[in-house]
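Asker: got a predicted structure here, sequence first:
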Amino acid sequence: MVGVTAPYAGTPLPVVTLSVVGPGATRQVAGQVARRARSGDIVVLVGDLGAGKTTFAQGFANALGVTEPVTSPTFTLVREYPLDRPSGDDSPSSALATLFHADLYRLDTLGDVEDLGLAERVEDGGVAVVEWGDLGAPVLGPGVLTVRLEAGDEPDERVVVLEDGAGRWRDRWDDLVGSLAPWDPVVAVGSGRGVPTGGAPTVPDKLTSPSKQEAR
Ligand SMILES: Nc1ncnc2c1ncn2[C@@H]1O[C@H](COP(=O)(O)OP(=O)(O)OP(=O)(O)O)[C@@H](O)[C@H]1O
Ligand SMILES: [Mg+2]
């Protein structure tokens, strides 16, 4: 399972909301997240078809030095990018060795998600961005950073909501929010969706969501 730091006992879960106009800006936001990523992190991307999940993954990968094209891993399920960071890069993410880009859209059961072994694969120098990651939430665990992309008022606008589900990003949160200043971040109290309750997951094993059932 993903390593989870102590939940925010009695304190609000941090959520930050941004208005991001155009795919280039979404890539820049992703880059700010990527530069603060650490070994073992899983970033879950949530949003309807065409919301910008792959666009976010591209910006994330580029910021980690990936120069090859980053495309949706819909059919391969997981793409792996070795990270060869330029010398002199002392950002926290510079120790990362591998980026995993996954897409859970085609998977049917939580067992299928488990078989991808993402939590284990990121353990030693890895980081993962997971499209349709909410579908695998019970397997990926509460320690993920959730990035929700929703339609905005304009065609090229996305409302981007970042939520640190269980405090894994607590010591980098203020720095991350500061880096998002160009997009007027609004900090709010979270929903607590990701916090473990100690009970068994109530989500059925079959992955279903209304938006997943649309034609693709
Ligand atoms: N602010 C924005 N952020 C991201 N993408 C944007 C934005 N504005 C417009 N777009 C466009 O929206 C589309 C997003 O496509 P993308 O493949 O990233 O979505 P997706 O969420 O991965 O879709 P899918 O569920 O099919 O994998 C692109 O064509 C992109 O140019
Ligand atoms: Mg995609």
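Answerer: Okay, I see it. Ligands and ions are numbered 1, 2, ... in the order given.
Asker: from now on I want contacts and neighbour counts done on CA atoms only, so please keep to that.
Answerer: Fine.
Asker: list the contacts of residue 55.
Answerer: Counting by C-alpha atoms under 8 Å, 6 or more residues apart in numbering, residue 55 touches 23, 26, 27.
Asker: with the residues you listed in mind, which one is nearest to residue 49?
Answerer: residue 23 (14.6 Å; C-alpha to C-alpha).
Asker: what is the helix or strand of the chain with the lowest mean pLDDT packed up against?
Answerer: Lowest on mean pLDDT, DSSP states H and E among the helices and strands of the chain sits strand 186-189, with a mean of 82. Secondary-structure packing of strand 186-189 (3 or more C-alpha pairs under 8 Å, 6 or more residues apart in numbering; DSSP states H and E): strand 14-21.
Asker: who touches the helix or strand where residue 173 lies?
Answerer: Per DSSP states H and E, residue 173 falls inside helix 173-179. Defining contact as C-alpha under 8 Å, 6+ apart, one finds that helix 173-179 is touched by 16, 32, 33, 36, 185.
Asker: quick one: the helices in the protein, in order.
Answerer: Shown for the chain, the helices assigned by DSSP state H span residues 23-34, 53-63, 110-116, 118-121, 137-140, 173-179.
Asker: tell me the most buried of those?
Answerer: helix 53-63 (a mean of 24; mean count of other C-alpha atoms under 10 Å).
Asker: for ligand 2, what is the nearest residue in this protein?
Answerer: Residue nearest to ligand 2 within the chain (C-alpha to the ion): residue 54, separated by 4.1 Å.
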